[in-house]
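Engineer: any chance you could fold what I've pasted below:
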Amino acid sequence: MDRDNQLDRLLRSARAHAQESPSEVAPFGFETRVVALARARRPDQGLALPGFVRRVVLIALAVIVISTAAAYRELAENETFGEPDTNEFAIADAAIQDTFL
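Structural biologist: Residues are numbered from 1 along each chain as shown. Now for the predicted structure:
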């Protein structure tokens, strides 16, 4: 019986202190304030998209420059080793041809 009494008191207290359920609609002008605050924080950029695109372009340019330099270096190395007397594959090919001829 004591538990029932305590439960009743608890429920009555909760009912007395309960507020109305919050409304589903935002208060008047809330959306306008949120947009104004967002724009005030970034006056130079309305959206983060231009900054993101700028970063992507810079990274792409860096990748292009690095890959072009690597390709040029590889081609330069291949030209120095292109002579038959220094190319291992040419030496092995010549040895095979000498053996069968």
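Engineer: make it CA atoms for all contacts and neighbour counts henceforth
Structural biologist: OK.
Engineer: show me how far the longest helix along the chain is from its chain's centre.
Structural biologist: If you go by DSSP state H, the chain has its longest helix at helix 49-80. Taking CA atoms, centre = their mean, to the nearest Å, one finds helix 49-80 lying 19 Å from the centre of the chain it belongs to.
Engineer: by contact count, what packs against the following helix or strand past that helix?
Structural biologist: Next in sequence after helix 49-80, counting helices and strands by DSSP states H and E, comes helix 88-100. Helices and strands touching helix 88-100, as assessed by 3 or more CA pairs under 8 Å, 6 or more residues apart in numbering; DSSP states H and E, are absent.
Engineer: which intervals of this protein have sub-threshold pLDDT?
Structural biologist: For the chain, the stretches with pLDDT under 70 are 1, 19-23, 42-48, 79-86, 101.
Engineer: picking up where we left off before, could you pull out the buried residues of the longest helix of the chain?
Structural biologist: Judged by neighbour count using 16 or more other CA atoms under 10 Å, helix 49-80 contains no buried positions.
Engineer: same check on stretch 7-24?
Structural biologist: Applying 16+ other CA under 10 Å to stretch 7-24 flags no residue as buried.
Engineer: going forward can the numbers begin at 19, since that is how I track them
Structural biologist: Understood, numbering begins at 19; the last thing we discussed is stretch 25-42.
Engineer: could you check how far residue 27 is from residue 36?
Structural biologist: 14 Å (CA to CA, to the nearest Å).
Engineer: my bad, residue 96
Structural biologist: 82 Å.
Engineer: and what of residue 75?
Structural biologist: In terms of CA to CA, residue 75 sits 56 Å off from residue 36.
Engineer: same check on residue 106?
Structural biologist: Residue 106 is 88 Å from residue 36, by CA to CA.
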